[in-house]
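A.B. asks: What would the 3D arrangement of this be:
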Amino acid sequence: MTKVATSRCVASARSSVMLALVPFLFAACTGSIEVDVGASGGSSASSQSEGPPPGQGTSAVPSGGVAGFVSSGGSGQLPAGMGGSGGGGGVGASGSTCAPGLTACGPECVDLKVDERHCGACGLTCPEGRECNNGVCGCPNGGMECGGTCVDVKTNGMHCGTCGNPCRGGQSCVNGICACPEGEEFCGVVCADVSRDANHCGRCDNPCPSGGTCEGRTCTCPEGRQACGDTCVDTSNDREHCGMCDKACSPTERCQNGMCVDGGGALLDDGCEGPAQNLEIEQIAVYQTVKIPLMQGGEAVSAEERKADVVAKREALFRVFVKPGSGFTPRQLSARVHIETDGMTETFFSDQKPTISGASTDEKLDSTFQVYVPRDKLLSSSLYSVEVVECGGATANGSVLRPRFPATGRLALGAVDTGVLKIAFVPIEANSSRPDTSETALEPYRAMLLATYPVTDVQMTVVEGMRTSYPINWPGVLDDVRARRQADRPASDVYYYGLLKPTGTLREFCGGGCTTGIGYVPSGVGQNSASARVAVGIGFSDRVSAETLAHEVAHNHGRLHAPCGNPDGPDRNYPYSGGAVGVWGFDFRGKTLVAPDRTDLMGYCNNKWLSDYTYQGLVETVRRVSGTASSVLQASAISARWLVLLVDEQGARWGHPIDEPAPPMGEPEPAEVLDGTGQAIQTVTVYRTVISDMEAYSIEVPVPQPGWHSIRVAGAPVHPFSAPRGHVSP
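C.D. replies: Numbering: from 1, shown residues only. Below you'll find the predicted structure:
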């Protein structure tokens, strides 16, 4: 081994060994440098702070590169194979001098400003997909690296203008700015055509009454209905608005033809008798958020054939579709729904007897018979039959076709038991503002969940609040709420939801686009994923806040995004194009039909409702979760402790550790444990859970063992176990 001593970047003439220079040594060469040169040709260097010997020559070297090699004789010649980002010149392996602007790297002369194998210095190779520009590895074509991937921030909908700035609500990225399609305005969280959008009619945040439509920037109710408050109602049979808005019938009265008459209640003698003549029952469907056919074309649709289940102990609308036969004359008829449970039969019919003049259609509610059955009358053991009867207007020689289904007896309704949806709200103070959690303020959330979720009831509680910084760090807040759920140890079927209201209005908070909520998306929901039943969202007590709650809690139920509005991670199995709901529905809040061209709750578009696909997915999850309701998490049952690694656009950081008596949630995957020198010493299994509505993950990591220094998971930087919670490894 030979030692070569130099002073101020000047090589000693006594050494016969070429000095293998490295750029960082010459960035500030002020002391003595010793280089040990072994048989392999490698070197190690150390420096001491001292001035140059009297009369010794010097070489000025620009920061970050090597301009040249200066010996005690001042030749300025660079050793073969060495180079920097400086002015070039240098000698190749064959002894030839490189042209100006090129540097000798091994046997060739290269331009360190553009060479992807030697970018800025010899041997510095740009990663795949990167190019060398002015001596720095970067994304091609002016792109930006976001989460380890090069993207064009001028057009990328998830990184518009900068990393982590997604375009929401139907916006697209145009020249680095999120913009709505031509002719639409951005209304808080969605792009809307204010000329026909029922939620933003004429201007943003101007909703039409429930059941109404927007045409030419003006709200209108369907024919035969009028706006009473925020709902289009049929004043001819509405007990709360009988004949006119706000004229309510007494509890012993019902509304008939706009008049309050004696005989309130749902179960009454309709005053009709005898099977309807010259008429066939063509279809029978139950509506409990979505349309569920029980019979079509005279054939029963079995529970196994249905796309969605009928839910027991949940209010239902039975619609009876009919088709007149030859010789039928328009007249009033009545439909009866017979429900038999445990040997007891009750009969229900609508207060209004429609005048049937033609075949029933989906879009015209009054072309069908509508019979409401209370929630407590529908059980999983219930049977049903339906009949249409005459009310005095039949001809003497009419034919009896198919006015009853089944022709005799009863059929099993096939309803399934689900359960109660339990929500614990965590009020979160941000920007010195806290959401209202009074019963009145929470009612829009409860109404939204009852209207859309396949549950028998919604129970809401409010737990102790917390505080967070502003602007909001969404993954961090989500982790805080998860830790609160862990500390409270609720029943396993309780969903924790953090409410945020950091500004006075939604428009103030979200004027230029924003995130309105996030939640965990577990790969499997049950007792083992109880800690994934956590989400956070805005709390302005309005429609958008209520839809955000329903969307994020559905993520907690394992539902992915519907393909509408450019969401991340869309459900590849979603059955309807454009994220449309695809089937008719019914909103019990205003007793109005919902058309199949509405978009699914799990997308980012406007005019949301539920498809039968999303509804049935919720049915299956609610049933599983309710089956574990008796399991309460106790501290004595904790058998494992896990660390939580949060990964998002900022990088990786530790969250609150998990202490729960259950296996970890998430999809298993391998990760590398590194020692203090950065060497991989062990492969362990970690568990990844997607965080909805942004490119973020929660990863559960085993508690470190002796010798473990840091962890390397896919798609994230190496992160030391010793880093304090919240410290980011970018």
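A.B. asks: show me where pLDDT drops low in the chain?
C.D. replies: Applying pLDDT under 70 to the chain flags the ranges 1-96, 251-252, 254, 262-268, 393-396, 524-528, 628-640, 660-662.
A.B. asks: Show me how the record splits it into domains.
C.D. replies: Structural domains annotated on the chain: 279-412, 420-626, 635-720, as defined by automatic domain parsing.
A.B. asks: So for G216, which of those sits nearest?
C.D. replies: Of all those, domain 420-626 sits nearest to G216, with 17.4 Å by CB to CB. For glycine as for every other residue, the C-beta is placed from the backbone atoms N, C-alpha and C.
A.B. asks: got the end-to-end distance for the closest one?
C.D. replies: For domain 420-626, the first-to-last residue distance is 7 Å (CA to CA, to the nearest Å).
A.B. asks: what about the nearest residue to C167 once chain neighbours are set aside, which helix or strand?
C.D. replies: Residue nearest to C167 in three dimensions, not counting chain neighbours: C178, with 3.9 Å by CB to CB, 6 or more residues apart in numbering. According to DSSP states H and E, C178 maps onto strand 177-179.
A.B. asks: For this protein, just list every one of the helices.
C.D. replies: 23-26, 439-452, 474-488, 506-510, 543-556, 612-626 (DSSP state H).
A.B. asks: can you pull out the strands in the stretch 501-650 of the chain?
C.D. replies: All strands of the stretch 501-650 of the chain, identified by DSSP state E, counting those that start in this stretch, fall at 517-521, 534-538, 585-587, 592-594, 599-600, 608-609, 641-648.
A.B. asks: how about those, which one is nearest R319?
C.D. replies: Nearest of those (CB to CB): strand 585-587, 8.5 Å.
A.B. asks: by contact count, what packs against that closest one?
C.D. replies: Here strand 585-587 touches strand 279-288, strand 290-296, strand 592-594, going by 3 or more CB pairs under 8 Å, 6 or more residues apart in numbering; DSSP states H and E.
A.B. asks: same thing but at 10 Å, please
C.D. replies: Helices and strands touching strand 585-587, by 3 or more CB pairs under 10 Å, 6 or more residues apart in numbering; DSSP states H and E, are strand 279-288, strand 290-296, strand 316-324, helix 439-452, strand 592-594, strand 608-609.
A.B. asks: how near is the nearest residue to M244 once chain neighbours are set aside to C208?
C.D. replies: The shortest distance from M244 to any residue other than its chain neighbours is 6.0 Å, reached at T235 (CB to CB, 6+ apart). Distance of T235 to C208, given as CB to CB, to the nearest Å: 18 Å.
A.B. asks: Between the two, tell me which one has more neighbours.
C.D. replies: More crowded of T235 and C208, by other CB atoms under 10 Å: C208, with 22 against 19.
A.B. asks: Distance-wise, check the more buried one relative to R217.
C.D. replies: Following CB to CB, the distance that separates C208 from R217 is 11 Å.
A.B. asks: ok, now A550?
C.D. replies: 28 Å.
A.B. asks: The two: which is more packed in?
C.D. replies: Taking neighbours as other CB under 10 Å, A550 and R217 compare with A550 leading, 21 against 15.
A.B. asks: Hmm, the more buried one is touching D600, no?
C.D. replies: No - A550 is beyond contact range of D600, at 11.2 Å (criterion: CB atoms under 10 Å).
A.B. asks: Common neighbours of those two, please.
C.D. replies: K608, L610 (CB atoms under 10 Å, 6 or more residues apart in numbering).
A.B. asks: Please report how far the closest residue to S360 other than its chain neighbours lies from I356.
C.D. replies: Distances taken as CB to CB, 6+ apart place F321 nearest to S360, at 3.8 Å, with adjacent residues excluded. For F321, the distance to I356 (CB to CB) stands at 11 Å.
A.B. asks: For those two, indicate the residue with more neighbours.
C.D. replies: Remark: of F321 and I356, I356 carries more neighbours, 24 against 20, as counted by other CB under 10 Å.
A.B. asks: Number of residues surrounding S357?
C.D. replies: Neighbour count for S357, taken as other CB under 10 Å: 11.
A.B. asks: what about the closest residue to K291 other than its chain neighbours, distance to A554?
C.D. replies: Among residues not flanking K291 along the chain, W584 sits closest, at 4.4 Å (CB to CB, 6+ apart). From W584 across to A554, the span is 20 Å (CB to CB).
A.B. asks: again, but for D612
C.D. replies: 14 Å.
A.B. asks: Which stretches in the stretch 201-350 of the chain count as strands?
C.D. replies: Going by DSSP E, counting those that start in this stretch, the stretch 201-350 of the chain shows strands at 213-215, 218-220, 226-228, 231-233, 253-256, 259-262, 279-288, 290-296, 299-300, 316-324, 331-341, 344-348.
A.B. asks: what's in contact with the last one?
C.D. replies: What it means is strand 344-348. So strand 344-348 is contacted by 266-270, 316, 318, 335-340, 371-374, 377, 382-385, 387, 410 (CB under 10 Å, 6+ apart).
A.B. asks: Could you identify the buried members of those?
C.D. replies: Buried subset of the contacts of strand 344-348 (neighbour count, 16 or more other CB atoms under 10 Å): 270, 316, 318, 335-340, 371-373, 377, 382-385, 387.
A.B. asks: if we can go back for a sec, of the strands of the stretch 501-650 of the chain, which is nearest R117?
C.D. replies: Here strand 641-648 is closest among the strands of the stretch 501-650 of the chain (CB to CB), at 30.9 Å.
A.B. asks: Tell me which other helices or strands that closest one touches.
C.D. replies: Contacts defined by 3+ CB pairs under 10 Å, 6+ apart place strand 641-648 against helix 474-488, strand 651-654, strand 658-659, strand 680-691, strand 696-702, strand 719-720.
A.B. asks: just to revisit the earlier point, and the strands of the stretch 201-350 of the chain: which comes nearest N134?
C.D. replies: strand 213-215 (54.2 Å).
A.B. asks: Which positions in that closest one come out as buried?
C.D. replies: By neighbour count with 16+ other CB under 10 Å, strand 213-215 contains the buried residues T213, C214.
A.B. asks: Could I get the buried residue list for stretch 591-600?
C.D. replies: K591, T592, L593, V594, P596, R598, T599, D600.
A.B. asks: do the same with stretch 148-166
C.D. replies: Buried positions in stretch 148-166, judged by neighbour count with 16+ other CB under 10 Å: 149-154, 156-160, 163-166.
A.B. asks: now, which of those sits nearest A487?
C.D. replies: Among the buried residues of stretch 148-166, and counting by CB to CB, the member closest to A487 is G164, at 29.7 Å.
A.B. asks: re earlier: could you export the buried residues of stretch 591-600 as a markdown table, including distance to Q352?
C.D. replies: Output for these, formatted as a markdown table (distance: CB to CB, whole Å):
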| residue | distance to Q352 |
| --- | --- |
| K591 | 12 |
| T592 | 16 |
| L593 | 16 |
| V594 | 21 |
| P596 | 25 |
| R598 | 26 |
| T599 | 32 |
| D600 | 32 |
